[in-house]
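Asker: Requesting a structural model of the entry that follows:
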Amino acid sequence: MNRFLTVCYGLVAYAVFLGAFLYAVGFVSDLVVPKTVDTGIALVPSQGVLVDILLLALFAVQHSGMARRGFKRWWTRFVPAAIERSTYVLFASLVLILLFWQWRPIPVIIWQVRDSAMAVVLLGLSFCGWSIVLLSTFLINHFELFGLRQTLDRLDARDAGAPVLRTPFLYKLVRHPIYLGFIIAFWATPVMTAGHLLFAAVTTSYILIGIALEERDLVAQFGDEYRRYRQRVRMLVPILRKSS
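Answerer: Predicted coordinates for the structure are as follows:
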């Protein structure tokens, strides 16, 4: 029964993540969903900036803090290891949903592409970024990344085994294609408002900080294997080899 409940928990966490991810596409693209980065109740710009930064900071602290190796060691004293990743994914998704709900638009237009063909190209580029994000997760094991495989391993009483450094396809071009996809998705827009610019700038800054923290953990986990990979492949710019 405990194993069955573990899988159910993992499925619920994954469903919440999937809903939040799909909503994020519409939120950033300002399409389809009822509340986007450019819609909702606008406050005085200074107040809107404060609310939005606090929401982004909350996501950054939760998302980065719970991902650290030290936190995981402490956290799994209370939460079973089989649902640790699912719990992380669930919390991150809930904080993201809170951000969507409470986000305050700042409708001042920074740029607007009036040529319809170019606007479609930029929107397509944004969707390309989201596609890179999704593809990159499947390249390294999508269901493990979002905690579902761990719960299924618990159901079958399987040992997950030692972690393996996977670098297929896009990971041979850049070390962090998921983050690259997010950056493309956030910045490629035909209409850039001050609110969207704030979202894109802060999340990009967080991504760069998150990469530094994540790579520190990866070096600690994989040692020289990851150091050699870091020497061969650039972080975000898709060039196969670094110049000497």
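
Asker: Helices of this structure, start to end?
Answerer: For the chain, applying DSSP state H gives helices covering 2-29, 45-65, 69-75, 81-102, 116-139, 142-145, 148-155, 177-187, 194-222, 224-232.

Asker: most neighbours per residue, which of the ones you listed?
Answerer: Among the helices of the chain, ranked by average contacts under mean count of other C-beta atoms under 10 Å, first place goes to helix 177-187 (a mean of 21). For the C-beta atoms, the positions are set from N, CA and C on the backbone; glycine is no exception.

Asker: Now do that one, average pLDDT.
Answerer: Average pLDDT, helix 177-187: 98.

Asker: And the helix or strand bottoming out on mean pLDDT in the chain, how far out from the chain middle?
Answerer: Here the helix or strand of the chain ranked lowest by mean pLDDT, DSSP states H and E is helix 148-155, holding a mean of 86. Offset of helix 148-155 from its chain centre (C-alpha atoms, centre = their mean, to the nearest Å): 22 Å.

Asker: by contact count, what packs against that helix?
Answerer: helix 2-29, helix 81-102, helix 142-145 (3 or more C-beta pairs under 8 Å, 6 or more residues apart in numbering; DSSP states H and E).

Asker: Nearest to residue 182, out of these?
Answerer: helix 2-29 (9.3 Å; C-beta to C-beta).

Asker: what angle sits between that closest one and helix 177-187?
Answerer: 40 degrees (axes from the mean of the first three to the mean of the last three C-alpha atoms, to 10 degrees).
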